[in-house]
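> Kindly return the folded structure for what I paste below:
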Amino acid sequence: MKRLLEIRSYNLRPGTADEFHRLVVEQSVPMLHRWGVDLVAYGPSPHDPDTYFLMRAYADDSGRQASQDAFYGSDEWRNGPRQAIVDCIESDATISLELDPAVIEALRSR
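Presented below is the predicted three-dimensional model:
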């Protein structure tokens, strides 16, 4: 059975990449783990210092939507790192792909 891989790409405001990465590593990633989100990989994009990516896996699109509604609607997110993270982002884009679980595992950061 295939899984849904969501890839988010962030165009960061100039000069915010280091702060964005710090916020992701120190605050966002631990929160995602606490919320049971399958975080596949994340980090700065090697092609441009002002871009960043985040990949998450879900059983299907309804699971993705339910997970994100709960996470982004939580007090922990809203009263936590949300504003500092959003302030670093100029624009973002999301794509979703249905992939074999083995492909997702091959993409996973170790």
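> Now do the strand or helix carrying Ser62, average pLDDT.
Using DSSP states H and E, Ser62 falls within helix 61-72. In this model, helix 61-72 has a mean pLDDT of 96.
> Stretch 2-9 too?
In this model, stretch 2-9 has an average pLDDT of 98.
> Convert it to CSV, retaining C-alpha atoms only.
What follows is stretch 2-9, C-alpha atoms only, in CSV (Å, rounded to 0.1, in the frame of the first residue of the first chain):
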residue,chain,number,x,y,z
LYS,A,2,1.3,3.4,-0.9
ARG,A,3,1.9,6.3,1.5
LEU,A,4,1.6,10.0,1.0
LEU,A,5,4.8,12.0,1.1
GLU,A,6,4.4,15.7,1.6
ILE,A,7,7.3,18.0,0.5
ARG,A,8,7.2,21.6,1.7
SER,A,9,9.6,24.1,0.2
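> mind listing the helices in the protein by residue range?
Ranges of helices in the chain, per DSSP state H, are 17-23, 29-34, 61-72, 75-78, 82-88, 101-107.
> Tell me what Arg3 is bridged to.
For Arg3, the beta-bridge partners under DSSP bridges are Leu99.
> does it really touch Met55, like I thought?
No - between Arg3 and Met55 there is no contact under CB atoms under 8 Å: 11.6 Å. The way it works is simple: take the backbone N, C-alpha and C, and place the C-beta from them, glycine included.
> Point out where this protein drops to low pLDDT.
Of all residues in the chain, those with pLDDT under 70 make up the ranges 110.
> So what would you say the end-to-end distance of stretch 31-47 is?
Terminal residues of stretch 31-47 are spaced 27 Å apart (CA to CA, to the nearest Å).
> OK, contacts around the closest residue to Ala41 other than its chain neighbours?
Distance criterion CB to CB, 6 or more residues apart in numbering; nearest residue to Ala41, sequence neighbours excluded, is Ser109 at 4.0 Å. Going by CB atoms under 8 Å, 6 or more residues apart in numbering, Ser109 touches Val40, Ala41, Tyr42, Gly43.
> ok, how many other residues are close to the residue nearest to the third one when sequence neighbours are not counted?
What that stands for is Tyr42. Once flanking residues are discounted, Tyr42 sits nearest to Leu54: 4.5 Å by CB to CB, 6+ apart. Number of residues near Leu54 (other CB atoms under 10 Å) recorded here: 20.
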